[in-house]
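# curious how this folds, go ahead:
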Amino acid sequence: MPLYVYDKIGEIPQASHTHAYVNSAYPCINEHQLAIGESTFGGREQLQSDKGLIDCTMLCQLMIERCTTAQEAIRLAGELTAKYGYNDAGECLTIADKKEVWNFEILGPGKGLTGSVWVAQRVPDDHVAVNANASRIRKINIKDKANFLASENVFQVALDSGWCASKEDFEFCYAYAPESRTSFASRRREWRVFDLLAPSLKLDPNAENFPFSIKPDQPVTMEKLVSIFKDYYEGTPFDMTKDMIVTDENGKSVISPLANPHMPYDANKLFRINGGWGWLGERTIARWYTMYATIIQCRDFLPDPVGVWSGWLWTMLLLQYISRFTVV
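Model prediction:
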């Protein structure tokens, strides 16, 4: 007898041709240099539907298999989830191709309903954006098709539910995922990436919101991205080891040579780590329980078969990693 029995819940038409792709925990890049990074932000629980056929993993696969550009992927996601339904928690997908990068945020339409609510905002060519388990898109201008795309119901669901007073007051993140903007676990990581890349901005690490994207002080190298993925706020007031102190031979309190920032959540209270998701506390960019990280660079000046640089940081036991977080 099989260990698992799968019941068919529905189907969508098969495409006449699908593209080859690299499949990690989520499908992440295809043969045409279309790349996707995933970051869960949850959103309002009452928006999650049990009627849809498509969850986040499947949505990424459908986009990667069937599309070659970021905008094509976003439009396909909108069409398929409108017809067949999105049945997952709120997700932010960083969708990149050889020419541009978009942040795409999607939620369900509500319990018992089929469809989706979504918005996408383009990252300016010389900017960096961050997805760290929080909704990032605030004000939107759906008339500006070059920089914003959205579902037809993006305003109406919020208005009907009383989550905003008018279209003029509407902010996507506060309408659909307000708790994600209160979490230090997300906000602090957003600040840290921006501060490492553009310290000249002197952003407030305790702020509730940061710019959607920022222009780095210097061009961002692959080496810099790798260093960001390994970061745990060393040298800042939020260093996870700041309270792991001992007394040295001169009677001075110093950080223990055995101090380790890669703690299980249960250790946070012990070392007075505060903020974050309830008792879970702050989250560093580097995570101790990670399986792998992927860094991808797409090059528009090279043919697709050779235009992708992909770096894999495989981990065993406790390796530094940024969990469900994308820098593009």
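# which SS class is the spatially most central residue of the chain?
Ranked by distance to the mean C-alpha position of the chain (CA atoms, centre = their mean), the top residue is S39 at 2.9 Å. In three-state terms, and counting by DSSP: H, G, I helix; E, B strand; the rest coil, S39 is strand.
# so what's it bridging to?
Here S39 sits in beta bridges with C92, as judged by DSSP bridges.
# residues contacting F104?
Neighbouring residues of F104 by CB atoms under 8 Å, 6 or more residues apart in numbering: A73, I74, A77, C92, L93, T94, I95, W118, V119, A120. C-beta coordinates here come from the backbone N, C-alpha and C atoms, glycine included.
# tell me the secondary structure for the last one?
Assigned state for A120: strand (three-state reduction, three-state DSSP).
# numbering from 39 from now on, please.
Sure thing, new numbering starts at 39, so read that last one as A158.
# thinking again about what came up before, just give me the closest of the contacts of F142 to C94.
Relative to C94, the closest of the contacts of F142 is L131; by CB to CB it sits at 7.8 Å.
# who's in contact with the closest one?
Per CB under 8 Å, 6+ apart, neighbours of L131: I74, G75, E76, S77, C94, L97, C98, N141, F142, E143, I144.
# and which of the residues you listed is nearest P299?
Nearest to P299 out of those is S77 (CB to CB; 21.3 Å).
# so the closest one makes contact with A170?
Yes: using CB atoms under 8 Å, S77 is in contact with A170, at 6.5 Å.
# for this protein, what spans make up the strands?
59-61, 65-68, 73-80, 128-134, 139-145, 155-161, 168-169, 186-188, 283-285, 291-293, 330-336, 346-352, 364-365 (DSSP state E).
# let me know the average pLDDT across the third one.
The predicted model gives strand 73-80 an average pLDDT of 94.
# and if you look at stretch 305-319?
Mean pLDDT, stretch 305-319: 71.
# and stretch 244-262, end to end?
24 Å (CA to CA, to the nearest Å).
# and it, what's buried?
Within stretch 244-262, the residues that count as buried by 16 or more other CB atoms under 10 Å are F248, F250, S251, I252, P254.
# among these, which one sits closest to R82?
Nearest to R82 among the buried residues of stretch 244-262: F250, at 21.1 Å, using CB to CB.
# what about the closest one? Give its phi and psi, please.
Main-chain dihedrals, F250, degrees, to the nearest 10: phi -60, psi -40.
# verify the stated contact: it with R176.
Yes: contact criterion CB under 8 Å: F250 and R176 qualify, at 7.2 Å.
# and the nearest residue to T119 once chain neighbours are set aside, backbone torsions?
Closest residue in space to T119, ignoring its immediate chain neighbours: S154 at 3.7 Å, by CB to CB, 6 or more residues apart in numbering. For S154, the backbone dihedrals (degrees, to the nearest 10) come out as phi -170, psi 160.
# I'd assumed S189 was in contact with S154.
Yes: S154 is within contact range of S189, at 6.2 Å (criterion: CB under 8 Å).
# more neighbours, the two?
Using other CB atoms under 10 Å, the more surrounded residue of S154 and S189 is S154, with 29 against 22.
# so what's that one up against?
S154 makes contact with G90, G116, T119, A120, G123, Y124, I144, L145, G146, P147, S189, according to CB under 8 Å, 6+ apart.
# same thing with N288?
Contacts for N288 (CB under 8 Å, 6+ apart) come out as none.
# so how far is P147 from it?
Distance of N288 to P147, computed by CB to CB, to the nearest Å: 64 Å.
# equivalent analysis for P237, please.
As judged by CB to CB, P237 and P147 stand 41 Å apart.
# Y124 contacts G148, doesn't it?
No: counting by CB under 8 Å, G148 is not a contact partner of Y124; they are 11.0 Å apart.
# buried set for stretch 95-115?
Across stretch 95-115, burial judged by 16+ other CB under 10 Å covers 96-105, 107-112, 114-115.
# what's the end-to-end length of it?
End-to-end span of stretch 95-115 (CA to CA): 12 Å.
# just how off-centre is it within its chain?
Distance, stretch centre to chain centre, for stretch 95-115: 16 Å (CA atoms, centre = their mean, to the nearest Å).
# quick one: the helices in the stretch 39-188 of the chain?
94-104, 108-122 (DSSP state H, counting those that start in this stretch).
# can you put those helices in TSV and add distance to K268 and mean pLDDT?
Listed next are these as TSV, based on distance: least, CB to CB, whole Å; pLDDT from 0 to 100:
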stretch	distance to K268	mean pLDDT
helix 94-104	25	97
helix 108-122	28	98
